[in-house]
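**Student:** prediction below, plus the sequence it came from.
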Amino acid sequence: MTLRVVVADDQALVRTGFRMIIDARDDLEVVGEASDGGEAVRLTRELAPDVVVMDVRMPVMDGIEATRQIAESGSGARVLVLTTWDADAHVVAALRAGASGFLLKDMRPTELVDAIRLTARGDALLAPAVLGRVLDRFLRTTPDVAPPPSLRNLSGREREVLTLIGQALSNAEIAERLRLSEATVKNHVTAVLRKLGLRDRVQAVVAAYDHGLVEPRRP
């Protein structure tokens, strides 16, 4: 199956470069280009892509607001946000807006296409270079609130799995930590997403922090 991609960036040269990289793969196709967030929202509605590659800083409507509108529209499209070294605050805002993945803008072409595939599958994607700082910022900005009723629908094992997802562990790492098979962990992850009404693992990371399941890191 060919994955349909919309590229949103205000720089035409960047969009052209991304199109060349993406269209060179047999399983990927750029179906639309947007020069601002508003156009990205419109194209997502009209073209129903699998993934939107979204720049954060764009005119008319920025990438964060565009991500929020796409997520709230009920679209099946997942948003892959491109970020920079000094844009952690934007990453956190985009997480809460509903983004499904993040990648540094200086990535290699192979990293971009791999990221699109991962994001389309619903796997968590946070560039290693920004992961730690982003999670720490979540800890500093997450309010201390009691878990909502929906969290109580999780079994003890599912709560453990959600906690480890919040620590950015992969299924293989969770399986090793809990001494379970990867297939069993995958089933638990699916159950967690379903019970909490989450679209993907990145949103599960947000949930883990929002519900206080991950302890702040000590200096």
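**Tutor:** Looks like it came in fine.
**Student:** how about the helices in the protein?
**Tutor:** For the chain, helices defined by DSSP state H occupy the ranges 12-23, 37-47, 63-72, 88-97, 109-121, 128-141, 156-166, 171-178, 182-196, 201-210.
**Student:** any chance of the ones you listed in TSV, plus mean neighbour count?
**Tutor:** The C-beta positions use only the backbone N, C-alpha and C, and glycine is treated the same way. Shown next, in TSV, are the helices of the chain (neighbours: other Cβ atoms under 10 Å):
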stretch	mean neighbour count
helix 12-23	15
helix 37-47	20
helix 63-72	23
helix 88-97	20
helix 109-121	19
helix 128-141	15
helix 156-166	20
helix 171-178	16
helix 182-196	17
helix 201-210	22
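**Student:** which of those helices has the lowest average pLDDT?
**Tutor:** Of all the helices of the chain, helix 128-141 carries the lowest average pLDDT, namely a mean of 53.
**Student:** quick one, what contacts the residue nearest to the spatial centre of the chain?
**Tutor:** Geometric centre of the chain, nearest residue: S100, 1.8 Å, by Cα atoms, centre = their mean. When contacts are counted by Cβ atoms under 8 Å, 6 or more residues apart in numbering, S100 touches R78, V79, L80, T119, G122, L125, R199, D200, V202, Q203.
**Student:** buried ones from those residues, can you make that a ChimeraX selection?
**Tutor:** This is the ChimeraX syntax for the buried subset of the contacts of S100, where burial follows 16 or more other Cβ atoms under 10 Å:
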select :78,79,80,119,122,125,200,202,203
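**Student:** lowest-confidence one in the contacts of S100?
**Tutor:** L125 (61).
**Student:** distance of R19 from L28?
**Tutor:** Distance check for R19 against L28: by Cβ to Cβ, to the nearest Å, it reads 10 Å.
**Student:** related to what we said a few turns ago, can you lay out the contacts of S100 as a markdown table showing distance to T110?
**Tutor:** As requested, the contacts of S100 are exported to a markdown table (distance: Cβ to Cβ, whole Å):
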| residue | distance to T110 |
| --- | --- |
| R78 | 20 |
| V79 | 21 |
| L80 | 15 |
| T119 | 15 |
| G122 | 21 |
| L125 | 14 |
| R199 | 26 |
| D200 | 22 |
| V202 | 21 |
| Q203 | 26 |
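**Student:** pretty sure L164 is touching R177, no?
**Tutor:** Yes - counting by Cβ atoms under 8 Å, L164 does reach R177; the two are 6.2 Å apart.
**Student:** the nearest residue to the residue nearest to the centre of the chain once chain neighbours are set aside and A34, how far apart?
**Tutor:** Ranked by Cβ to Cβ, 6 or more residues apart in numbering and with sequence neighbours excluded, the top spatial neighbour of S100 is R78, at 3.9 Å. Between R78 and A34 the computed distance is 16 Å (Cβ to Cβ).
**Student:** again with G63
**Tutor:** Taken as Cβ to Cβ, the span from G63 to A34 is 10 Å.
**Student:** same thing with E111?
**Tutor:** E111 is 22 Å from A34, by Cβ to Cβ.
**Student:** with that, I have no additional questions.
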